[in-house]
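>>> Predicted structure and sequence below. I'll ask about it afterward.
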Amino acid sequence: MKIDIQPLDNSYSDQLIDMILNIQQKEFNVPITIEDQPDLKQIESFYTEAGGNFWGAFIDGQLVGSIALVKFDERAGAVRKMFVKKEFRGKELNIAQELLEVLILFCRENGIDAIYLGTVNILKAAIRFYERNHFVQVEKENLPVRFPLMNADNVFYSLIINQTV
């Protein structure tokens, strides 16, 4: 199976909403709705125009994964919307890893030196994935002032990309 990772725009909102809400609500029972995530309907203005981006992973034209970067400071960004459909997870396809590498390359090319993320402590596999990729846990009070907090998040990580920080 060939994985095609490409930047997304507003035309992919419905596919993203369907995939992400399914994972959040049905798989992990996270009490979150589309109303809590208006950014999914405004990909271009929320992510791209602000200096970040939003990528999707496709297999045979089907959206199977996503990752986004919110640029919230001159040289810092937040990882958002990192999801892979259950049946496409794991080391065989390595979709999460490929998505993260695309995001990190984008950061390097665009002068973003550090990325931060928030997640939920019940997402054990996600936490292991971030730690395997050298993310370091950060206390909430030590996050950058402008970091865009999500209500559900209760575990936070950072990764220094360019050592100029």
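Here it is on my side, so go on. Residues are numbered from 1 along each chain as shown.
>>> From Arg89, how far out is Leu123?
Using Cβ to Cβ, to the nearest Å, Leu123 is found at 12 Å from Arg89. The C-beta positions use only the backbone N, C-alpha and C, and glycine is treated the same way.
>>> Which strands border the helix or strand containing Gln6, and is each parallel or antiparallel?
Here Gln6 sits within strand 3-7, counting by DSSP states H and E. Strand 3-7 has its sheet partners listed here by DSSP bridges as strand 53-59 (antiparallel).
>>> Can you name the element that comes right after the helix or strand harbouring Glu131?
In this assignment (DSSP H and E), Glu131 forms part of helix 124-132. Once the chain leaves helix 124-132, the next helix or strand it forms, by DSSP H and E, is strand 136-138.
>>> Give me the next element, helix or strand, following that next one.
Counting by DSSP H and E, the element after strand 136-138 in chain order, helix or strand, is strand 155-160.
>>> Quick one: mean pLDDT for that following strand?
Averaged across strand 155-160, the pLDDT comes to 98.
>>> Packing partners of it?
Counting contacts by 3 or more Cβ pairs under 8 Å, 6 or more residues apart in numbering; DSSP states H and E, strand 155-160 is packed against strand 114-119, helix 124-132, strand 136-138.
>>> and of these, who's closest to Ala76?
strand 114-119 (4.9 Å; Cβ to Cβ).
>>> got the angle between that closest one and helix 124-132?
160 degrees (axes from the mean of the first three to the mean of the last three Cα atoms, to 10 degrees).
>>> Packing partners of strand 114-119?
strand 76-84, helix 95-109, helix 124-132, strand 155-160.
>>> wait, what's in contact with Gln42?
Shown in contact with Gln42 (Cβ atoms under 8 Å, 6 or more residues apart in numbering): Asn10.
>>> And for Met82, the neighbour number?
The local packing of Met82 (other Cβ atoms under 10 Å) involves 20 other residues.
>>> My read is that it contacts Leu69, right?
No: counting by Cβ atoms under 8 Å, Met82 stays clear of Leu69, with 10.2 Å between them.
>>> what mean pLDDT does the biggest strand by length in the chain have?
Counting residues, the longest strand found in the chain (DSSP state E) is strand 62-73. In this model, strand 62-73 carries a mean pLDDT of 97.
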